[in-house]
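Participant: kindly generate the corresponding structure for this input.
(4 chains)
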Amino acid sequence: MHQLWLIPALPFAGFLINGILGRRFSKAAVNTIAVGSVALSFVWALKTILSLGEDRIFEHYFNWIVAGGFQVGCDFAVDRLTAVMLLVVTGVGSLIHVYSIGYMAHEGGYYRFFAYLNLFMFFMLTLVLAANYLVLFVGWEGVGLCSYLLIGFWFHKKSATNAGNKAFIVNRIGDFGFSLAMLLIVVNFGTLDFGVVFHVVPSKPEAVLTTIAMLLLVGACGKSAQFPLYVWLPDAMEGPTPVSALIHAATMVTAGVYMVARSFPIYLHAPSALEMVAYIGLFTAAFAATIGLAQNDIKKVFAYSTVSQLGYMFLGVGTGAFSAGIYHLMTHAFFKALLFLGAGSVIHALSGEQDMRNMGGLRKKIPWTFWTLMMAAIAISGVPPFAGFFSKDAILVAAYQHAPWMYWVGTITAGLTAFYVFRAMFLTFFGEYRGHEHPHESPAVMTLPLAALAVLSVVGGFIKIPVWLEKFFPAAEGPENFSLVAISVAAGLIGIGIAYFMYIVKPGVADSISSSLGGLYRLVYNKYFVDEIYDAAVVKPLVSGSRVVLWRGMDAGLIDGAVNGVGSTSQGLGGWLKLFQSGNIRSYATWVLFGAIILLLTLGLIGGVR
Amino acid sequence: MDVILFLVFAIAAVVCAVNVVVQTHPISSAISLIGVMASLAVLYLLLGAEFLAMAQIIVYAGAVMVLFVFVIMLLNAGSEAKRGRSLTAQLLGFPLLIVFLALASYFIQRFYPGNTPVLFGTFKGGTAQMIGRALFTQYLLPFEVTSVLILIAIVGAVVLARKEL
Amino acid sequence: MSGPPLTWYLILSAVLFALGVAGFLFRKSVITIFMSIELMLNAVNLSFVAFSYQLKQVSGHIFAFFVMVVAAAEAAVGLAIILTVFKNRETLNVDQVNSMKY
Amino acid sequence: MNFFLLSILKAAVVAFVLLTTLAYLQWVERKVIAHIQVRMGPYRVGPHGLLQPLADVIKLITKEDLIPPHVNKFVYLMAPFLAVTMALISISVIPFGSEIHVFGTSTWMQLTDLNIGLLFILAVSSMGVYGIALAGWASNNKYSLLGGLRSSAQMISYELPLSIAIASPLLLVNTLSLREIVQAQTGSILHWNILRWPAPQIVSFLVFLIAGFAETNRVPFDLPEAENELVAGFHTEYSSMKFAAFFMAEYANMVTVSCMTAILFLGGWQPLFSPAWGSNYVPTLIFVVAGLIAISHGLNPARKFDRITLPITGVVFLLVGALFLVPAVQEALIPLFWFAAKVGAILFLYIWIRGTLPRFRYDQLMRFAWKVLFPIALANLLVTGLVVALQ
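Facilitator: Numbering: from 1, shown residues only, chains lettered A, B, ... in the order given. From the prediction side, this is the model:
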């Protein structure tokens, strides 16, 4: 036994202690417990993975649901895929926990924040360790809950609670698909256990598998913020920045990718669904990248970047390069967490300012933040030998194998990505300071995690995930193609160059371009009016339908009417019947006798007891 | 012999029961009720329920009725008032009773035609052994529940009878 | 030698029950009313035992036994209530104990 | 022999013996208490006051039969009747001895054996409380009423430890028939329930004895008739034969409880040790020794009064001792002797305690029943049950 349960149980213990008793603890005690539990969990995960061979470790704890022949156990399993996820979640998670100590130092609800973070870790690790779909679903829902709690952490802010609601509701749509997929799996396979399901996949008809895979994809789209269910993620930036880094960049949003990769046997036997994954990923990547071009809020830029990068992962998975997707998942966790944490550090330095138009020239004032953030920016732009280069490259090569036009779209997107990230960098750190606050460098407890992540962003690409997962996934990558690599790297460099030209060399160019493009710019600036379209097409009809039909018609008219009618009828009846309530026992007894006689008569009339 | 015994004790029971109803003094009613219970105990014996007959005497006549007599003596209850106020009971009660009795007799005659003669000694199932076996195997749960009920009754009676209530 | 038909027992039970009901309806003293209830319970017990005889099963006896036990518990609580009522109201007449009215 | 005739004959014999016993029991009590108090006791009527009971009966019968005004006549008259009836009825199921053969028929020295005999005695004795309670109420006298209330509360309370004390030996013998209870204790004293392996019922025996004292309203539990508080308790207003009835009921109850003790715990008519070891000669031995002592005392010239009676008594004792050796009647007499000896010993204990102990206070009495006797009896029942179950 490897005692896998310890890995999620440690953060859960931290959650219980902090959640129940944290109010009375000092801050030091709270963050010792929170960080300590996650760090211990990381250590235990590391120990488990070091002893991991080619085979997976499976542990059965108890039977959760037993109904006839159907049974679901509380099972955990670790294989090589899980190992990657485990390390990313616990490793990046620990760093972000440390960072949060500094970032949240002056916030109210300190213990509550760390309790939520620990709870999130518990659910995320459950999700990753799950050996069947139901346990995975528990984690899946749990991280959704924690995401909701943490987005709305500043619950006195209306926009924050709204964003939390939005995330929760949009995720429900995805979860609905996931639930349907699970039901279909139960119906067709009679079990939810990964091992059994994947073993018998080849014997099932393709139509069924395609339906299941599509429904799973709906779930993955919701969780991983893919088109058309991506809308919640940018809004989710209302939460504290460590939350954005941990949940909405590094871990939770990658759960969709993980789930699709986990279910790869199903997808391999449902090629059209796999194709759909690729299309959605590619479209989302390009679509979100264009939106990112015109955003002024630093966190929003990175949020759309996250959506876009998740699209890349879907593209990788969808083109059959599962290991490339997971590879990108890991490197993305490093540099995107770093981007967010760095942005948080900037925001922290400016005491809450998020608009890039009010920044500038911060390079000298907060050098640690600048340099670490620069590492991440280079990494995401795909410049070799930084982490992003290897994984993005792997995906693009796989896309070229699949369909060359996908490669080209991906490459252009890579250029766009490099452009907007560096746009953000230049607007923030170069030029003249345009704000009013007095910037100050963050404390060491924040900069140290930044440094650690920067190192990972630089060298993370040398952790060769495709090699590690070589035997796990069917091989899909073709031979290295130097020209393809060169083109994509060039696209990134061109993006950086344009950004440099537009925001450093001739700062006026950007404005003139945006004004000359006019309508197109407004379209992009307003995120293609997707939120407004959803609002008009889905939300408004739903709300007004609920109001008119369900509230006024059903609730007030039918249900309330029936209830009130019953009430008034019984009141009237009671007014008459109360005359029987004379308080005189003997008259009561007379009526009882009367009733008994009626009963006897009825029995006799319907033929008696025989 | 059985018929004579039945008639003697049935008539005794009915007379005593009538006495329970018509006597104005509670203690006379109580004594009559003891008479009914004793007569019923004999009838139980005739029906082969020897354990139950003894339980009837011990529990009902020996304990429950002693409590009644005790309370009557404690409260020094006298004869009751002549007129009450319940018009419903006065007006409806008697006709309803007649109807009830008639109906009950009719159904008994209809469903149980009198072809089962009751002979003393033909039913051996009422011994203490049989009752005990049934009580502690088949009816164990009801038995235990009843003991809980009695415990509750004890607590309730003690609480109710406290001085400060 | 022939015995009385079982029907006689049942009729006797019905008569006793009716007398119990009559006592309940026409008497005013709480104690007497209580005793009428006991009379009814006894009447029902008789029919239980009679049925038990006919079916040659011990279940009827068990039922009657439980009725007795419950009656004992009921008597204890009931008499305690009567004591309390008498302590508070100085009367045993049910017609004067009617505060539970509408 | 005809069943009915035999029953009537047995009933007549038992009734005669019992009533005589009751009458003389009172004489014995007076004598014993007198000797405890170092005085003579009844001495005038007949030799050593032997005819005193007869004189008492005559006195009671000829006294004025007074019915006080304002009493409930029916209940007032019924109460003593009820008391004495219930006291005497229970004798009918008590076995005095084993099976005997007379004139070609065999019968038991017992009026009738019920297979629920024990329950029958409990039932009858639980009815006995009405006699006292109703007498107290019907007398229309506050002392009587208090006595009646006390007695009903006391008897209900002590019936619980009594019943539970009975239950423990029943676990050993597995029957409710009194005859079978005695038969189950065949053998020596080690087979009697009081010492029976694996669960000697000494505790149960003591609880039963104490509760029995309370049930019969005897000292130290005679609260219902505590003279210094209640004049004479429930029988204050009774005189003449009605008073005698209560008196008789009390003594009959004593006899019943003693018989029950003997049957339940002391092996009934079973001898102290096995006949193989000569237990059949014990009665002869005792009577011969007693007769010789009586004769030697009678021949003592200092005792002028007893010059004739004591030697006569001695001779009678010798004859009785000889009678136990006649094989024809041995079968009947020896069990009867053992039974009578045990009952007599317990009755003597009653009288002895009356002459020794003071009376309880009422609250002490109730507390003793509920907080001491009841838990002890219950614990004993549990232990016995456990031991029997594990055996």
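
Participant: any stretches of chain C with poor pLDDT?
Facilitator: Chain C contains residues with pLDDT under 70 at C:1, C:98-102.

Participant: which helix of it spans the most residues?
Facilitator: Longest helix in chain C by number of residues (criterion: DSSP state H): helix C:59-89.

Participant: mind listing the strands for the stretch 1-150 of chain D?
Facilitator: D:97-102, D:105-109 (DSSP state E, counting those that start in this stretch).

Participant: got the angle between the last one and strand D:97-102?
Facilitator: Going back to what we said before, that points to strand D:105-109. For strand D:105-109 against strand D:97-102, the angle by axes from the mean of the first three to the mean of the last three Cα atoms, to 10 degrees is 150 degrees.

Participant: re the thing from before, point out the most buried one among the strands of the stretch 1-150 of chain D.
Facilitator: Highest mean neighbour count of the strands of the stretch 1-150 of chain D: strand D:97-102, a mean of 16 (counted as mean count of other Cβ atoms under 10 Å in any protein chain shown). The C-beta positions use only the backbone N, C-alpha and C, and glycine is treated the same way.

Participant: interface residues of chain B facing chain D?
Facilitator: Neighbours of chain D within chain B, by Cβ under 8 Å from any Cβ of the partner chain: B:25, B:27-28, B:31, B:34, B:41, B:50-51, B:54-55, B:57-58, B:61-63, B:66-67, B:69-70, B:72-74, B:127-128.

Participant: enumerate every residue touching A:I533.
Facilitator: By Cβ atoms under 8 Å, 6 or more residues apart in numbering or on different chains, no residues touch A:I533.

Participant: meant to ask about C:A22
Facilitator: For C:A22, the contact set (Cβ under 8 Å, 6+ apart) comprises B:21, B:93, B:97, C:36.

Participant: dump the strand or helix carrying it to CSV, restricted to CA.
Facilitator: For C:A22, the enclosing helix or strand under DSSP states H and E is helix C:6-26. This file holds the C-alpha atoms of helix C:6-26, laid out as CSV (Å, rounded to 0.1, in the frame of the first residue of the first chain):
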residue,chain,number,x,y,z
LEU,C,6,-67.6,-19.5,20.6
THR,C,7,-70.1,-16.9,19.4
TRP,C,8,-71.4,-16.6,22.9
TYR,C,9,-68.0,-15.4,24.0
LEU,C,10,-67.9,-12.9,21.2
ILE,C,11,-71.3,-11.6,22.0
LEU,C,12,-70.4,-11.3,25.7
SER,C,13,-67.3,-9.4,24.6
ALA,C,14,-69.5,-7.0,22.5
VAL,C,15,-71.9,-6.5,25.4
LEU,C,16,-69.2,-5.7,27.8
PHE,C,17,-67.6,-3.3,25.3
ALA,C,18,-70.9,-1.6,24.8
LEU,C,19,-71.3,-1.3,28.6
GLY,C,20,-67.9,0.3,28.7
VAL,C,21,-68.9,2.7,26.0
ALA,C,22,-72.1,3.5,27.9
GLY,C,23,-70.1,4.2,31.0
PHE,C,24,-67.8,6.5,29.1
LEU,C,25,-70.7,8.4,27.6
PHE,C,26,-73.0,8.7,30.6
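
Participant: where do the helices sit along chain B?
Facilitator: B:2-22, B:26-46, B:50-55, B:65-75, B:87-111, B:128-136, B:140-160.

Participant: I should have written the stretch 401-550 of chain A there, sorry.
Facilitator: A:404-429, A:444-459, A:465-468, A:482-500, A:508-517, A:519-525, A:530-534, A:540-545 (DSSP state H, counting those that start in this stretch).

Participant: show me the contact partners of the second one.
Facilitator: It refers to helix A:444-459. Contacts for helix A:444-459 (Cβ under 8 Å, 6+ apart): A:92, A:95-96, A:98-99, A:101-103, A:331, A:334-335, A:337-338, A:341-342, A:344-345, A:348, A:368-369, A:371-373, A:375-376, A:379, A:385-388, A:441.

Participant: so how far is A:F58 from the residue of the stretch 51-200 of chain A found nearest chain B?
Facilitator: Among the residues of the stretch 51-200 of chain A, A:V66 lies closest to chain B, at 27.2 Å counting by Cβ to the nearest Cβ. Plainly put, A:V66 is 19 Å away from A:F58 if you go by Cβ to Cβ, to the nearest Å.

Participant: how about A:I280?
Facilitator: 32 Å.

Participant: of those two, who's got more company?
Facilitator: A:I280 (22 against 16; other Cβ atoms under 10 Å in any protein chain shown).

Participant: from memory that one sits against A:Y230, does it?
Facilitator: No: contact criterion Cβ atoms under 8 Å: A:I280 and A:Y230 do not qualify, at 10.0 Å.

Participant: hang on, the earlier thing: of the helices of chain B, which approaches chain A most closely?
Facilitator: So among the helices of chain B, helix B:87-111 is nearest, using Cβ to the nearest Cβ, at 3.7 Å.

Participant: distance from that closest one to the middle of the chain?
Facilitator: 20 Å (Cα atoms, centre = their mean, to the nearest Å).

Participant: return the residues in contact with A:M330.
Facilitator: A:84, A:88, A:391, A:460, A:463, A:465.

Participant: which of the residues you listed are buried, as a ChimeraX select command?
Facilitator: This is how ChimeraX selects the buried members of these, with burial counted by 16 or more other Cβ atoms under 10 Å in any protein chain shown:
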select /A:84,88,391,460,463,465
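
Participant: chain neighbours aside, what residue packs nearest to the residue nearest the centre of chain A?
Facilitator: With distances taken as Cα atoms, centre = their mean, the residue of chain A nearest its centroid is A:V253 (2.8 Å). Closest residue to A:V253 apart from its sequence neighbours, by Cβ to Cβ, 6 or more residues apart in numbering or on different chains: A:S224 at 5.2 Å.

Participant: okay, now that neighbour: neighbour count?
Facilitator: For A:S224, using other Cβ under 10 Å, the count is 31.

Participant: any idea how far it lies from A:N171?
Facilitator: A:S224 is 10 Å from A:N171, by Cβ to Cβ.

Participant: please apply the same query to A:V243.
Facilitator: Using Cβ to Cβ, A:V243 is found at 15 Å from A:N171.

Participant: of those two, who's got more company?
Facilitator: A:V243 (30 against 25).

Participant: in which helix or strand would I find the more buried one?
Facilitator: Using DSSP H and E, A:V243 falls in helix A:241-245.

Participant: so after that helix, what's the next helix or strand?
Facilitator: From helix A:241-245, the next helix or strand downstream (DSSP H and E) is helix A:255-262.

Participant: any residues touching that following helix, and which ones?
Facilitator: So helix A:255-262 is contacted by A:81, A:85, A:124, A:127-128, A:136, A:140, A:143, A:174, A:194, A:216-217, A:219-224, A:226, A:267, A:277, A:310, A:313-314, A:317, A:322, A:325-326, A:329, A:473 (Cβ under 8 Å, 6+ apart).

Participant: please apply the same query to stretch A:276-285.
Facilitator: Residues from elsewhere that reach stretch A:276-285 (Cβ under 8 Å, 6+ apart): A:214, A:217, A:221, A:226-227, A:230, A:260, A:267, A:307-319, A:399, A:402, A:406, A:409-410, A:413.
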